[in-house]
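> Could you work out the structure for the sequence below:
(chains A, B, C, D, E, F, G and H)
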Protein chains: 8
Amino acid sequence: VSISPKVAVVMGSESDREVMEEAARILTEFGVPHEMRVISAHRTPEKAHKFGTNAAERGLQVIIAGAGKAAHFAGVLASLTTIPVIGVPMTTPDLGGLDSLLSTVQMPAGIPVATTAIGTAGARNAALLSVAILALSDEELAAKLRGYRARLREQAHEADLRVRGEIQ
Amino acid sequence: VSISPKVAVVMGSESDREVMEEAARILTEFGVPHEMRVISAHRTPEKAHKFGTNAAERGLQVIIAGAGKAAHFAGVLASLTTIPVIGVPMTTPDLGGLDSLLSTVQMPAGIPVATTAIGTAGARNAALLSVAILALSDEELAAKLRGYRARLREQAHEADLRVRGEIQ
Amino acid sequence: VSISPKVAVVMGSESDREVMEEAARILTEFGVPHEMRVISAHRTPEKAHKFGTNAAERGLQVIIAGAGKAAHFAGVLASLTTIPVIGVPMTTPDLGGLDSLLSTVQMPAGIPVATTAIGTAGARNAALLSVAILALSDEELAAKLRGYRARLREQAHEADLRVRGEIQ
Amino acid sequence: VSISPKVAVVMGSESDREVMEEAARILTEFGVPHEMRVISAHRTPEKAHKFGTNAAERGLQVIIAGAGKAAHFAGVLASLTTIPVIGVPMTTPDLGGLDSLLSTVQMPAGIPVATTAIGTAGARNAALLSVAILALSDEELAAKLRGYRARLREQAHEADLRVRGEIQ
Amino acid sequence: VSISPKVAVVMGSESDREVMEEAARILTEFGVPHEMRVISAHRTPEKAHKFGTNAAERGLQVIIAGAGKAAHFAGVLASLTTIPVIGVPMTTPDLGGLDSLLSTVQMPAGIPVATTAIGTAGARNAALLSVAILALSDEELAAKLRGYRARLREQAHEADLRVRGEIQ
Amino acid sequence: VSISPKVAVVMGSESDREVMEEAARILTEFGVPHEMRVISAHRTPEKAHKFGTNAAERGLQVIIAGAGKAAHFAGVLASLTTIPVIGVPMTTPDLGGLDSLLSTVQMPAGIPVATTAIGTAGARNAALLSVAILALSDEELAAKLRGYRARLREQAHEADLRVRGEIQ
Amino acid sequence: VSISPKVAVVMGSESDREVMEEAARILTEFGVPHEMRVISAHRTPEKAHKFGTNAAERGLQVIIAGAGKAAHFAGVLASLTTIPVIGVPMTTPDLGGLDSLLSTVQMPAGIPVATTAIGTAGARNAALLSVAILALSDEELAAKLRGYRARLREQAHEADLRVRGEIQ
Amino acid sequence: VSISPKVAVVMGSESDREVMEEAARILTEFGVPHEMRVISAHRTPEKAHKFGTNAAERGLQVIIAGAGKAAHFAGVLASLTTIPVIGVPMTTPDLGGLDSLLSTVQMPAGIPVATTAIGTAGARNAALLSVAILALSDEELAAKLRGYRARLREQAHEADLRVRGEIQ
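Here you go, the predicted structure:
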């Protein structure tokens, strides 16, 4: 899947892998070529710098960056590229992810980070947001996205029937 | 500017106008056709429903939705369309916008809202994020965005010189 | 119990079922006809729209809406009907339900949502609040509610005796 | 307006008067007979006790209780009556009303308080919620409430036209 | 121990028993006659009213009141008596006890509640604060309290030796 | 008033003076001999150490300690004496006093600080709590405290009459 | 003062200048050669990268970095150098600086940022902490620091005398 | 390792030992002579006083102080010495360590505490910050610190390879 990727799913630490694979799983489901990377704004600043600077010319169209605590990663990448950067705040054991969320979303004017929810829901939604962005110029992908929404609707409808006791 | 808009800047209440005009001002600066609207998820649900449902076929490519307090607006629109929806949480006088932020960003898996910072910085960044999204298929816009970043850099450089006492 | 329901217990996701069944259990205990539904403001917006719009003419008198995270569900329904809507914020694993609470309670002026406590206590109290509302025009129900309070009192009295060591 | 009141608008301190008069103003607009009172759970506990205990037999159908900080007032009244009690958390200068909100909404199972937003929006919505409750058995009031919603819609529509530059 | 009690250890719910027994255990250790009670401000308001009103004439000198969530109990008792009331905020599963803390400590001017820490530490400290208050007119108790502090010191000294590896 | 004081009103910084004078004013009103001091746990640790260590033998019966931000003052004094120490958390411009509150109230088991509300209300209540403690062995003071409560009640009653429009 | 600086006082935005000059003022008072800079982790990432990478070889011994909101600046610099980096979280108008604080202090293991208080107090303390660090190998500076503490003590003593009414 | 220590790792309670040993482990790894101590600002104030006062003349160059809840320990030590004091806020079960963090970091101007992250990450970073401070006058230590950073980089690089599927 990682040849000529359009989306990069990057995480600050390998411990974020399980959460961020939710994003990769959805991208695979939509057939979006992507790569998964561990790049730490703090431990590998040179690599982060190079990754951000080269992202556009490598053909990446969206970067999804997951990070926790003082989560600088998405913002650092966003400062180095003009392609859209989506930030996923990780849950943290002490403050529940409020630290990750505020560190990701409260970007100063000039350098946006598109922030999604804390944790797994955020990782999934970051993938779906990437798809929505790519779908603006890819009608086939747009159709898949509408199909995905239809399946969500269908699942919710079945849940409704189960709760009403009409199916099991 | 509002003929054949690509971006809609929508607010839940006219009281959000001053903040959301920061987004419109940047879109104008980039020459992105856009429209400004007041549509309340709560007071005009039918209109919100219609607006969200028709957004894609009207040719909109990005929706920027600003709302405060129990800020449902961005999420409601996101559930009705598959184009990217950017949420701007408004500052609130009692809880400082923490309520708006959590109501906008903590979307359940399936329906993403790309959330930016609370208040004015968020409105500006929502516009810049729209530009970044549109620039993926518009090289001229991408160049303008790189130019914008260069100006930011230049301004920061001048501020540095001022603080160092080398210019006034 | 679900024929000609007076109260709807609606949840945004099947994962809220265990909590929301606490509400249904109390309504059953009071003999209030009710229905349980899964309707998601985000995944099934059309259904939510129709449900809210038709609630009054279907004879519903109170809607209890449970939702978590960016909990828009109660507010969305409240914008579509004029019957009382009670919101129950779900506990969330990262922010403890503070996100659900603020998304439910901080409604802008014009569209009220009667909010109860986070989680199970809130679900139970939402049912009791529905009963209190219906009891305004149903003296038999009012008597049952006074009886319920008397039992609470009795249970607390027995707990007092146990702690004092007078009973076991 | 205060003869044979159906709704009581009660505040814990005279300093809450300006906010709570927003509730009274709306009740007057709807023609709902109501009374305004200052009764403090802390400074006049006997009066609060008597007020809560007698509320139902005095013909009150809803109590709106506004209080700030460690806001016990709504909960105390709710423990003394079975008619619906609506709590309005006051804004506080230090914690912004988060203290008032949590003290009002986090009621233990058994004794519900229908909580609205912090401050003025909450006071207005408490009145509208009372109207919605009374309207369940008063079709004329229900019609007024639908009319009120229609006016909200109309105002939002005009705001939309102003922001679009079509009217001033 | 409960004959002619000087201190009452009162809790809002039997579920607070384990925590509040920490207070009772310390009072027993100091030989302070005390009673343990379950009295709910919400479920047994009459009993709470009577308990608070009669506390002084029953010879109680301090009331320790533990409660959780919208923790009104200490404040309600404090409004009914002029003897010192100590509030212990219970830990809560969703908000960690922040709700209990703010509901207990943020009392309006006029009716003080002496608040201790959330949970077990708070229950123990409430007992020690009671002892400190009683010790003002009981030199024997004051000496015991100084002895207690000396033991704390000694235990901390031993912990220091253990960590330094000088004892095990 | 400061000869042979029974209560010390101590603040960490002269900037807390206006708030803490609310405590002194009430002590004066009750005729309780007291002293006002500026002693900083951080800037004058020796003085704080001496003050705490000597408090009991100087005849002090209660210490009221006001401090803001990382408010260590009350806890430091409490560790040096066995007389009751009451902590008043100061309002802070950035975090509203949440920092002061948590730094004062969250004392570890063993060393209690009786904490009151943030800011002015807390300062007043700290004085009233001191009076309640001293009144346990001073019936005249107890009578004054009951009188104070009666006046609070009377004032609240007059506020009620004003709001009801029966007096101005 | 800026020739051969030992300490750099760097801010993310010129709007932080007034606060950060408090740090510079104290360094001047102690005769510590320093420089003031505006370098934005987000707007001038290259400059930040170069600044951090070269800091040690330029002879800097401590970096003080002030930044607000999603305050990545101190962490970014800390990742590029091994000299001590002190972070000063700026007050923010919406969240009071909680966002800046968490973004600065919650650094992952491996890359420390020495964080001081939010706002002006933090800026001053960052300078004093720099002095304390430099004083470890500069006895003259250590003596000045002890002198500074003595003056703080003296000022607090005078404040005490003023509050006691012994001086004005 | 504890003979002639340069760094003291001090904790307020033996229950903090496991976390604080992370700091000691790193100091050992760097060959920095250090001591581990349990000294409670609250339970052993005399010892804390003596420890802080004598720290410099005992040859200590940095103090690392870990404490939880109303975490006064770092601030108390900082007020007694002019050598750098690093505060590590402990995680707390109820408020997640927000109480410890604010009690440690929000020091008033004049007495700095260099604060690191909540919990284990903070303990490790406190040790690394000590090393960075000592390395300013110890080139061998500086080289070790650069080596440590290189190993962090290497580990992050390997994690990247694992996630990319190039190694296992």
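> Quick check, the residue in chain A closest to chain E?
A:G96 (9.4 Å; Cβ to the nearest Cβ). The way it works is simple: take the backbone N, C-alpha and C, and place the C-beta from them, glycine included.
> Which residue lies nearest the spatial centre of chain A?
Nearest to the geometric centre of chain A sits A:A126, at 3.2 Å (Cα atoms, centre = their mean).
> CA atoms of the helix or strand it falls within as PDB?
A:A126 is located in helix A:120-135, with elements delineated by DSSP states H and E. The C-alpha trace of helix A:120-135 is given here as PDB (Å, rounded to 0.1, in the frame of the first residue of the first chain):
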ATOM      1  CA  THR A 120      -9.500   6.100  18.200                       C
ATOM      2  CA  ALA A 121     -12.600   8.000  17.000                       C
ATOM      3  CA  GLY A 122     -10.200  10.800  16.000                       C
ATOM      4  CA  ALA A 123      -7.900   8.400  14.100                       C
ATOM      5  CA  ARG A 124     -10.800   7.000  12.200                       C
ATOM      6  CA  ASN A 125     -12.200  10.500  11.400                       C
ATOM      7  CA  ALA A 126      -8.800  11.700  10.300                       C
ATOM      8  CA  ALA A 127      -8.800   9.000   7.700                       C
ATOM      9  CA  LEU A 128     -12.300   9.900   6.600                       C
ATOM     10  CA  LEU A 129     -11.400  13.600   6.400                       C
ATOM     11  CA  SER A 130      -8.500  12.700   4.200                       C
ATOM     12  CA  VAL A 131     -10.800  10.700   2.000                       C
ATOM     13  CA  ALA A 132     -13.200  13.700   1.900                       C
ATOM     14  CA  ILE A 133     -10.400  16.000   0.800                       C
ATOM     15  CA  LEU A 134      -9.100  13.600  -1.900                       C
ATOM     16  CA  ALA A 135     -12.600  13.000  -3.000                       C
END
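> Off-centre distance for it?
Centroid displacement of helix A:120-135 relative to its chain, using Cα atoms, centre = their mean, to the nearest Å, is 6 Å.
> Who are the contact partners of the residue nearest to the centre of chain A?
Residues in contact with A:A126 (Cβ atoms under 8 Å, 6 or more residues apart in numbering or on different chains) are A:A23, A:I64, A:G66, A:I86, A:G87, A:V88, A:T116, B:P112.
> Run the angle between the helix holding A:A126 and helix B:120-135 for me.
Interaxial angle, helix A:120-135 versus helix B:120-135 (axes from the mean of the first three to the mean of the last three Cα atoms, to 10 degrees): 50 degrees.
> Can you name the next helix or strand after helix A:120-135?
Sequence-wise, the next helix or strand downstream of helix A:120-135 (DSSP H and E) is helix A:139-163.
> ok, so what distance separates A:P45 from chain H?
According to Cβ to the nearest Cβ, to the nearest Å, A:P45 stands 9 Å off from chain H.
> Quickly find the element holding A:G66.
If you go by DSSP H and E, A:G66 is part of strand A:62-67.
> packing partners for that strand?
Contacts defined by 3 or more Cβ pairs under 8 Å, 6 or more residues apart in numbering or on different chains; DSSP states H and E place strand A:62-67 against strand A:7-11, helix A:17-29, helix A:73-78, strand A:85-89, helix A:98-105, helix A:120-135.
> what about 10 Å?
Under the contact criterion of 3 or more Cβ pairs under 10 Å, 6 or more residues apart in numbering or on different chains; DSSP states H and E, strand A:62-67 touches strand A:7-11, helix A:17-29, strand A:34-38, helix A:45-54, helix A:73-78, strand A:85-89, helix A:98-105, helix A:120-135.
> Include mean pLDDT when you put these into JSON lines, please.
Output for the helices and strands packed on strand A:62-67, formatted as JSON lines (pLDDT from 0 to 100):
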{"stretch": "strand A:7-11", "mean pLDDT": "98"}
{"stretch": "helix A:17-29", "mean pLDDT": "98"}
{"stretch": "strand A:34-38", "mean pLDDT": "97"}
{"stretch": "helix A:45-54", "mean pLDDT": "96"}
{"stretch": "helix A:73-78", "mean pLDDT": "96"}
{"stretch": "strand A:85-89", "mean pLDDT": "98"}
{"stretch": "helix A:98-105", "mean pLDDT": "98"}
{"stretch": "helix A:120-135", "mean pLDDT": "98"}
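> circling back: out of the contacts of A:A126, which is nearest to chain G?
Checking these against chain G by Cβ to the nearest Cβ gives A:G87 as the nearest, at 9.2 Å.
> got a list of what the closest one touches?
Residues near A:G87 by Cβ atoms under 10 Å, 6 or more residues apart in numbering or on different chains: A:63-67, A:71-75, A:77-78, A:100-101, A:103-105, A:107, A:112-116, A:122, A:126, B:114-115, G:70.
> what do you get for A:E166?
Residues in contact with A:E166 (Cβ under 10 Å, 6+ apart) are A:E158, A:D160.
> In terms of helix, strand or coil, where does it fall?
Of the three states, A:E166 takes coil under DSSP: H, G, I helix; E, B strand; the rest coil.
> measure it to C:T44 for me?
A:E166 sits 16 Å away from C:T44, going by Cβ to Cβ, to the nearest Å.
> Reduced to three states, what does the nearest residue to A:N125 once chain neighbours are set aside come out as?
Leaving aside its sequence neighbours, A:N125 sits nearest to B:P112 (Cβ to Cβ, 6 or more residues apart in numbering or on different chains; 3.5 Å). Secondary structure state of B:P112, per three-state DSSP, is coil.
> And for B:P112, the neighbour number?
B:P112 is flanked by 29 other residues according to other Cβ atoms under 10 Å in any protein chain shown.
> I'd like to know how far A:P89 sits from A:A67.
A:P89 is 7 Å from A:A67, by Cβ to Cβ.
> what touches both of the two?
When contacts are counted by Cβ under 10 Å, 6+ apart, A:P89 and A:A67 have A:A74, A:S100, A:S103, A:T104 as shared neighbours.
> so what's the last one up against?
Put plainly, it is A:T104. Contacts for A:T104 (Cβ under 10 Å, 6+ apart) come out as A:65-68, A:70-75, A:86-90, A:97, A:113-116, A:118, A:122, B:105, B:115, B:117, G:70, G:72, G:103.
> Same check on the third one?
With contact taken as Cβ under 10 Å, 6+ apart, A:S103 is in contact with A:67-75, A:87, A:89, A:113, A:115, G:69-72, G:75, G:99-100, G:102-104, G:106.
> Could you report the neighbour count for the nearest residue to A:E21 once chain neighbours are set aside?
Of all residues not flanking A:E21 in the chain, A:M36 sits nearest, at 7.5 Å (Cβ to Cβ, 6+ apart). When neighbours are counted by other Cβ under 10 Å, A:M36 registers 23.
> wait, isn't A:M36 in contact with A:E18?
No - counting by Cβ atoms under 10 Å, A:M36 stays clear of A:E18, with 11.9 Å between them.
> Can you check which residues contact both of the two?
A:M11.
> Next, count neighbours for A:V7.
Look at A:V7: counted by other Cβ under 10 Å, it has 27 neighbours.
> so what's it up against?
Residues in contact with A:V7 (Cβ under 10 Å, 6+ apart) are A:23-24, A:27, A:30, A:32-36, A:60-64, A:83, A:86, A:126-127, A:130-131, A:133-134.
> neighbours of the residue nearest to it when sequence neighbours are not counted, just the number please.
Spatial nearest neighbour of A:V7, excluding adjacent residues (Cβ to Cβ, 6+ apart): A:H34 at 4.2 Å. Residues lying near A:H34 (other Cβ under 10 Å) number 22.
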